[in-house]
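Engineer: A structural model of the following input is requested.
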Amino acid sequence: MGRFFPQVAVLVGLVTLFSGGTARAQVWADALFAEKSHDFGNVPRGGIVRHPFVLTNKLNEPLTIVNVRASCGCTTGWANASVVQPGQAATIEAQMDTRNFVGKKATVLFVDLITASGQPAEVRLPVQSMILADVVLNPGGLDFGAVVKGQTPTQTLTIDRVGKPGWKVIKMVSTTKVLSAQLVETARQGEQIGYQLTVSIKPDARAGTVRDEIRLISNDPETASIPVLVTADVRGDLTASPALLNLGNVASSAKVQGKFMVRASRPFTIAKVEGAGDGFQVEPLEKTPKNLQFVTITYQPDDASTKGDLRRTFRFTTDLGDESPLDVIVGLHAAP
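Structural biologist: Numbers count the residues shown, from 1 in each chain. Prediction:
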């Protein structure tokens, strides 16, 4: 048996080295998050709750958010940026769908990161909630989908509660200025209580993504605040095609290009494009006002560029003062 000891010693050394490296990687990555877990508390069954985790890049090099995934299908996560420059911050949002569960539910959001120098790490963000069986939202949230700017679509949901005869929703709270809402009590029979919430998009809502909450405040500490998630994609006169530009697989040091078409019903110029860096470049912009403008994006990595699956958000700002900036995404796989 003695002749196997050297191999065992080498294996133990490698395991120790790997574990130590992983632990060190976890320490620097965990330190980027001021908050590393969240408890949603009591939530109604069927409700969709969300929480933003803020990542601040305290490193001296760019950081790429490679992937956000969850340990359970009831939870999803997304990041508002793919590359975070030194000193900048990004939001990682955890969203839990409670439709199929009752009682305590705990899950973990995994965030895969990699530095520009190639150091990977995984951060775990646990979230949990206590899903109440006697309070039900139907549907759990309001998703308007694509809305043409100026239109005023309306959707409704119901809130039902049993077992608390004196339960009331006493007010609604929201910080958004693009939604109008009306709450009506529809039933109060013994222990069964019902409300209907009607929500509309205001006609003066600016183009862009709506992702807001209306909170229903009740007289019961157990359900003191019930969040209702409202989402919409308000589309203005300004549009880009494609919304996602896939540049495919890019070999080391290779150069690839792709184009966006930006349209409006009136002549315009693109005043600014944000998103360049880490191998991405924007070709010079056309200065003549037109109804259709082309924007050329070039990617050519260097030794310091991040490798793997990349997604970069570009923001187009035009000289149309009543139009919000337009966000589009470039995706590719950079080979080592």
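
Engineer: Quick check: pLDDT value at residue 8.
Structural biologist: Confidence at residue 8, expressed as pLDDT, is 36.

Engineer: Quick check, residue 331 in contact with residue 249.
Structural biologist: No. Between residue 331 and residue 249 there is no contact under Cβ atoms under 8 Å: 11.1 Å. Where you see a C-beta, it was placed from the backbone N, CA and C, and this is true even at glycine.

Engineer: and those two? which has more neighbours close in?
Structural biologist: Remark: of residue 331 and residue 249, residue 331 carries more neighbours, 15 against 11, as counted by other Cβ atoms under 10 Å.

Engineer: What strand or helix carries the closest residue in space to residue 249 that isn't next to it in sequence?
Structural biologist: The shortest distance from residue 249 to any residue other than its chain neighbours is 4.8 Å, reached at residue 333 (Cβ to Cβ, 6 or more residues apart in numbering). Here residue 333 sits within strand 326-334, counting by DSSP states H and E.

Engineer: Show me the shaky parts of the stretch 151-300 of the chain.
Structural biologist: Filtered on pLDDT under 70, the stretch 151-300 of the chain yields no residues whatsoever.

Engineer: about what we covered before: now do the buried residues in the strand holding residue 333.
Structural biologist: For strand 326-334, burial by neighbour count (16 or more other Cβ atoms under 10 Å) applies to 326-330, 332, 334.

Engineer: min pLDDT across the residues you listed, which one?
Structural biologist: The member of the buried residues of strand 326-334 with the lowest pLDDT is residue 334, at 80.

Engineer: okay but that residue is in contact with residue 310, surely?
Structural biologist: Yes. Using Cβ under 8 Å, residue 334 is in contact with residue 310, at 5.8 Å.

Engineer: if I look at the residue sitting nearest the centre point of the chain, how far off is residue 276?
Structural biologist: In the chain, the centroid-proximal residue (Cα atoms, centre = their mean) is residue 78; its distance is 3.5 Å. From residue 78 across to residue 276, the span is 23 Å (Cβ to Cβ, to the nearest Å).

Engineer: Domain ranges for this protein, per the record?
Structural biologist: Listed by automatic domain parsing, the domain ranges of the chain are 2-133, 139-235, 239-334.

Engineer: Could you tell me the end-to-end distance of the last one?
Structural biologist: Using Cα to Cα, to the nearest Å, one end of domain 239-334 lies 28 Å from the other.

Engineer: do stretch 274-293 as well
Structural biologist: Terminal residues of stretch 274-293 lie 16 Å apart, using Cα to Cα.

Engineer: buried stuff in it?
Structural biologist: For stretch 274-293, by 16+ other Cβ under 10 Å, it's 275, 278-280, 282, 293.

Engineer: got a list of contacts for that stretch?
Structural biologist: 62, 83, 85, 116, 261-270, 273, 294-302, 305-306, 312-315, 317, 319, 330, 334 (Cβ atoms under 8 Å, 6 or more residues apart in numbering).

Engineer: those strands in the stretch 101-250 of the chain, which residues are they?
Structural biologist: Shown for the stretch 101-250 of the chain, the strands assigned by DSSP state E, counting those that start in this stretch span residues 103-115, 120-138, 141-148, 154-162, 169-173, 179-189, 192-201, 208-218, 225-235, 239-241, 244-250.

Engineer: sorry, back to before: how close does the residue nearest to the centre of the chain sit to residue 311?
Structural biologist: As judged by Cβ to Cβ, residue 78 and residue 311 stand 11 Å apart.

Engineer: Please apply the same query to residue 266.
Structural biologist: Separation of residue 266 from residue 311 (Cβ to Cβ) stands at 31 Å.
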